[in-house]
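1. Pasting the sequence and the predicted coordinates here, then a few questions.
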Amino acid sequence: MNFWYNKNAPPVFIAKRSKTILHPFTIGKYHGHTLNVYQGCQHRCGYCYATYEWSPEFYNKIYAKNNAPEILENEIRNWRSGDILPVMVSSATDAYQPAEMKFELTRKCVKILQKYDVPYYIFTKSTLIARDLDLHADYRDKCFIVWSITTADEKIRRILEPGTPPTASMFKVMEKFISKRIQCAVNIDPIIPLVTDSNENIDTIISLCKVAGIKNVFGAFLRLRYDIWDRLKMVFALLNMNLDFSINHYKKIYGFSEPLRHDNNLSMERSLESTFLNNIASKVLENGMINGFPELKENKFPYNTKFKNCDKRQLTLNNYLDS
């Protein structure tokens, strides 16, 4: 088993070359492209969806696609007629994980997106993004920064995602971005039953968002896969939770029996999920914020989305959003 919790084992950085860098991407009704300059992630989130068969050493080997800026510029230059759609930076890892301090691939690629007037989203759990505050501020009307926040409880965070910075530190960085009038959002994802779904945790996150001046707040529940379930049971044990009760609760709300063998992500019972998410939506609206994914309008940017050489395989946020 890939044991994510070993904080004392530093990851290995490996430079690699990529043939393509932009890929089609869909989340709900949103269509665009995704750009991942790293494979693997140092945040070591126990619930990570991207730790799968295609990347079995996701926590311990960080691959840096060192030709990403060159490939990105070539793909944009080969763009055909049509409207460009926003680019998601990143969907399968964190663009501002510590490896970015060494390689600066995200910064270089953002500069290229700005050079060609391409709108972009950045999903992150990192405070390193503060390094590029002025870079994003100069492009504030064409970018959206989305922070993924799981919990306001530091005890839980240190076990659940030991490589991430404290939540309070992330909100301090958000405030700096908002002071520069950069569009910001918070994604409460994944909401983990019995671990991060308490009213206290959700209310605290929403309150922190309001104080920071966040515009959009939205969230989603954990989806289970056999490897995620194995790690989650370790989380229960590390948090000194009642294992029998926790496991039985999950079997009931996700509708499975042990051993869990699902290769695809398994969603919880729909009515429970809808009731909880509707409650979050009400709290967000009551606090004067927008519940939902922030939208960048592609029709403001008169470029096209067709590439001569890019990989046409479809990725989805439901499969890869973890950052």
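-> The structure has been received and is ready for your questions. Residues are numbered from 1 along each chain as shown.

2. can we go C-alpha only for contacts and neighbour counts from here?
-> Fine.

3. Quick one, grab the pLDDT at residue 80.
-> At residue 80 the predicted local distance difference test score is 63.

4. again, but for the one 4 residues further on
-> Here the pLDDT value assigned to residue 84 is 67.

5. quick one: low-confidence parts of this protein?
-> Counting by pLDDT under 70, the chain has low-confidence residues at 1-9, 27-30, 52-56, 80-84, 262, 297-323.

6. mind checking the SS state of residue 147?
-> The three-state assignment at residue 147 reads strand, by DSSP: H, G, I helix; E, B strand; the rest coil.

7. can you count the residues close to it?
-> Neighbouring residues of residue 147 were enumerated by other CA atoms under 10 Å; the total is 23.

8. That one against residue 183, yeah?
-> No: here residue 147 lies out of contact with residue 183, judged by CA atoms under 8 Å, at a distance of 11.3 Å.

9. hey, what's in contact with both of the two?
-> With CA atoms under 8 Å, 6 or more residues apart in numbering applied, the contact sets of residue 147 and residue 183 do not overlap.

10. for residue 184, phi and psi?
-> phi -130, psi 150 (degrees, to the nearest 10).

11. The closest residue to it other than its chain neighbours pairs with what?
-> Excluding the flanking residues, the one nearest residue 184 by CA to CA, 6 or more residues apart in numbering is residue 145, at 4.8 Å. Judged by DSSP bridges, the bridge partners of residue 145 are residue 122, residue 184.

12. Against residue 196, how distant is residue 145?
-> Look at residue 145 and residue 196: by CA to CA, to the nearest Å, they are 23 Å apart.

13. returning to that earlier point: what separates the residue nearest to residue 184 from residue 194, distance-wise?
-> 29 Å.

14. Comparing the two, which shows the higher neighbour count?
-> Neighbours were tallied for residue 145 and for residue 194 using other CA under 10 Å; the higher tally belongs to residue 145 (22 against 12).

15. who's in contact with the more buried one?
-> Contacts here follow CA under 8 Å, 6+ apart; on that basis residue 145 touches 121, 122, 123, 124, 182, 183, 184, 185.

16. which among these gets closest to residue 164?
-> residue 124 (10.0 Å; CA to CA).
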